[in-house]
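Chemist: got a structure for you, letters missing:
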DNA sequence: GCTTCCTATGAGAACGTTCGCACAATGACG
DNA sequence: CGTCATTGTGCGAACGTTCTCATAGGAAGC
């Protein structure tokens, strides 16, 4: 039976009850050093009798290890982070690690606060989806102070930390390639495309064409646009910049406005490519409300494979990210760093899967 | 500039650098006790110069408070827990609390492990979706040892802890009532209905009819079935037990088997009620594959309002749970307990919202 | 001028562990 | 019979904070 009062049973109590020193009790309960079988038994019995529960705080204070990893997600509510987190939590649990969770809402101030909180709690390692890939002083500081970091989904330029990302560029290029192969020439895209440090959209497209932009540390939606542009280049199709629907912010209303603008044009695109789950849901909503039939009136490929894409009337062809695997990889990476692995920076790039369904067909002839 | 070595800057360093005692430095940085404006300034400058970062571990060890709450979710990957967790995290962050996350996969052993881990890390309070509502020794022990607990989604019988749940019974009763009002007499139900301690399904239905079952500590799917039965009783409709599709386990394949069995009968139900998100997705999949048109061939009401229910051809009428609110309420409750609130047990029962869409109509005449 | 109160400071003891060290006892080896 | 290495034990010092206490200057009250 446990005590009534708050869990006050300390290792000293156990030691006294077992008739040994606290050092010996510590050795038995902490599983280090040498102890006789006889004392092991005595201490274990005493611990059980008193309902002893180790205080990890005290242990951590002296060992300098908390067996806890911190996670800064964008928004746990989104299927993306939920699945990634699931992967992280599974691997962590298997190793007896705890997961301290925060979310940044993709806002730098929040991320800075979160990292500060986590570091004060002395986490052994940090998994973060950085919301600013250029500056990130706080992350550089954290890394410099000796806290291992694994970046997820995107990378901060020049940060001394491992990363786990997706082959966004190839995924987009392949998908757009399929649309082109099916005969499409006017392919619309709906994407967040929030920040871009090097200028505006025009500058970006020109930069990709000119080969002067490094895709490595771009945000995913920009990487996907990069692939979209590349596919056009490869197949010798000129890019109509007005077909690139830029929400400008990660919000449903902005996405809806961009989608509607694109789909209500007289020269509507014959195919649509949505760059993430939110955009896909919004686009699907718009398509339904405009009564466009898939794939006759419009072909569609979505980034992120959401459950409803399977059982819609024509299934939606979608790019599936290995989300839990991404989380698992990140967790394994951080744990090996915590374990003292000192090898060179590792950058895992996971590959997508294309789920082929019925939302793509040849365009209905009306234009060339 | 921060140090190169691991963050070794302690309060002693700061004190020395500022030319005061560690006590004074502590008072400034910890924000307690009295300090002169002059010393405040000196200490702050020294802290900044050395890149000092407080070690919460040491602080917690002495204060006995970690400003961290533990959460045991079933499966973070599910939209349900993801949204609840979002609510929890928001409230916690606003108060400067951390969130330590684990998931149990609804398995008792995992939950016990998780609670042990969290308690060893000295969390100030615990939010848990208990996966066994009858025994739960570990939760009774935790509560007895002084750790505040808030239960979520379901309640352990006799546990001294607050709770936040949904009005499952009423939600189901109202929804079934609507189907009955629309003219339906054979209403199928698909639900998990995993464990039931007091006997089998027959015993449950008989128990509800006889009024001998206490709905308070039932699992949600059983509470929803409770409401389903009640609605039938209220409207004087006899219950055909073969219309109750019991998956028996929370898995897609089991749900699919139960659904197919129900929908492929010669005397197919004219309406279907699915008891949670997974069941709904599976049912929708089955409905599509059987080419049943909603709402003509089948009316449908789903528990849990998932995003695709909005933009399906006929929208799906759904019962929406206030998920983030549930998390927020749980977090507020636990924080007020941590703050020393000593009032009587609180059991918040949140109310659902019914999103009326196009998946319900009068049954197509063919049977009475 | 004497308390009394408020502000301000530092020394040192907590908090509950682990860890370094000293010291035995034991057995093996030569 | 020394000399090791191996196993086992307890004392007390860490770890980095907060907290209690003792001390003291100054303002206010009478």
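Modeler: On my side now, so go ahead. Everything numeric here is computed off the predicted structure, so don't read it as measured data. Residues are numbered from 1 along each chain as shown, chains lettered A, B, ... in the order given.

Chemist: where does the prediction get shaky in chain A?
Modeler: A:1-7, A:365-368 (pLDDT under 70).

Chemist: need the residues of it near DNA strand C, please.
Modeler: A:8, A:10-12, A:22-23, A:26, A:29-30, A:32, A:52, A:54-55, A:58-59, A:61-63 (Cβ under 7 Å from any atom of the strand). Using the backbone N, CA and C atoms, a C-beta is placed for each residue, glycine as well.

Chemist: phi and psi next, for the residue in the stretch 201-350 of chain A positioned nearest to DNA strand C.
Modeler: Residue of the stretch 201-350 of chain A nearest DNA strand C, by Cβ to the nearest atom of the strand: residue A:340 (14.2 Å). Main-chain dihedrals, residue A:340, degrees, to the nearest 10: phi 100, psi 0.

Chemist: do the same with residue A:302
Modeler: phi -110, psi 140.

Chemist: that one touches residue A:282, doesn't it?
Modeler: No: at 10.9 Å, residue A:302 does not count as touching residue A:282 under the criterion of Cβ atoms under 8 Å.

Chemist: more crowded one of those two?
Modeler: residue A:302 (28 against 25; other Cβ atoms under 10 Å in any protein chain shown).

Chemist: so what's that one bridging to?
Modeler: Residue A:302 has the following beta-bridge partners by DSSP bridges: residue A:274, residue A:318.

Chemist: contacts only, for it.
Modeler: A:273-274, A:277, A:279-280, A:283, A:309, A:316-319 (Cβ atoms under 8 Å, 6 or more residues apart in numbering or on different chains).

Chemist: please apply the same query to residue A:151.
Modeler: A:128-130, A:159, A:161-165.

Chemist: which ones among the residues you listed lie within strands?
Modeler: Among these, the residues falling in strands (DSSP state E) are A:128, A:162-165.

Chemist: quick one, domains of chain A?
Modeler: Domain ranges of chain A: A:11-54, A:66-166+A:323-349, A:168-322, per automatic domain parsing.

Chemist: okay, those in JSON lines with distance to residue B:67 next?
Modeler: Shown next, in JSON lines, are the domains of chain A (distance: least, Cβ to Cβ, whole Å):
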{"stretch": "domain A:11-54", "distance to residue B:67": "20"}
{"stretch": "domain A:66-166+A:323-349", "distance to residue B:67": "9"}
{"stretch": "domain A:168-322", "distance to residue B:67": "30"}
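
Chemist: pull out the buried positions in stretch A:92-103.
Modeler: A:92-93, A:97-103 (16 or more other Cβ atoms under 10 Å in any protein chain shown).

Chemist: can you show me the strands along the stretch 151-300 of chain A?
Modeler: A:162-166, A:187-191, A:244-246, A:271-274, A:299-303 (DSSP state E, counting those that start in this stretch).

Chemist: residues in contact with the first one?
Modeler: Under the criterion Cβ under 8 Å, 6+ apart, residues A:148-155, A:220, A:321, A:326, A:329-330, A:333-334, A:337, A:345-352 lie in contact with strand A:162-166.
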